[in-house]
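Asks: I need the structure of the sequence given here:
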Amino acid sequence: MNINLTLIGHAIWFGIFVWFCMRYVWPPITAALAEREGKIAEGLAAAEKGHHDLKLAERRAADLLRDGKVKAQEYIEHAQKRADEMVEEAKAAARAEGDRLLAAARVQIDQERNQARETLRQEVATLAVIGAERILLREVNEQAHRDILDELRTRI
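Replies: Numbers count the residues shown, from 1 in each chain. Sure, this is the predicted structure:
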């Protein structure tokens, strides 16, 4: 066998193999690579868009959190004002009730004082009548009168 002929045969077969690969094998591989490249590009674009959306979402979340804190502070202030109003209303009601009870107690004290005076007047009148009766029943004697009056004083 001749080496030149073998080399030429191998070169022809290699050429046929390259032509076959270029015609039937290479197009599906390049198509698959192009498709893969497109998918990778779409994935990178989606990742970039997702990153951008994440930043926007973080900003919105920060804004919402800030707004929530402001609203919470407003609610707390409103609740504090309402609590202060309720305390003031309770104080006013307590003062009014205290004044009413104090007035009722004064009226009751005046009534009891008047009743005690009346009772004391009745007892003094009764004791005076009893003393006069005893004086009239006994003989008229200054010492006896003093003894009776002293006895009456001790009873009062």
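Asks: any idea where the strands of the chain begin and end?
Replies: Per DSSP state E, the chain carries no strands over any range.
Asks: any idea which helix is longest in it?
Replies: helix 26-137 (DSSP state H).
Asks: centre of the chain versus that one, how much separation?
Replies: In this view, helix 26-137 has its centroid 7 Å away from the chain centroid, taken as CA atoms, centre = their mean, to the nearest Å.
Asks: Next: stretch 144-156.
Replies: For stretch 144-156, the separation from the chain centroid amounts to 76 Å (computed by CA atoms, centre = their mean).
Asks: what comes up buried for that stretch?
Replies: By neighbour count on 16 or more other CB atoms under 10 Å, the buried set for stretch 144-156 is I148. All C-beta spots, glycine's among them, are computed from the backbone N, C-alpha and C.
Asks: Likewise for stretch 126-133?
Replies: G131.
Asks: neighbouring contacts of it?
Replies: Outside stretch 126-133, the residues that touch it by CB atoms under 8 Å, 6 or more residues apart in numbering are I148, L149, L152, R155, I156.
Asks: by contact count, what packs against the helix or strand of the chain with the lowest mean pLDDT?
Replies: In the chain, no helix or strand scores lower on mean pLDDT, DSSP states H and E than helix 142-155, which sits at a mean of 74. Other helices and strands packing on helix 142-155, by 3 or more CB pairs under 8 Å, 6 or more residues apart in numbering; DSSP states H and E, are helix 26-137.
Asks: circling back to that earlier point, helix 26-137 and the least confident helix or strand of the chain, what's the angle between them?
Replies: Calculated by axes from the mean of the first three to the mean of the last three CA atoms, to 10 degrees, helix 142-155 forms an angle of 170 degrees with helix 26-137.
Asks: mind checking how far helix 142-155 is from the chain centre?
Replies: On CA atoms, centre = their mean, the centre of helix 142-155 falls 78 Å from that of its chain.
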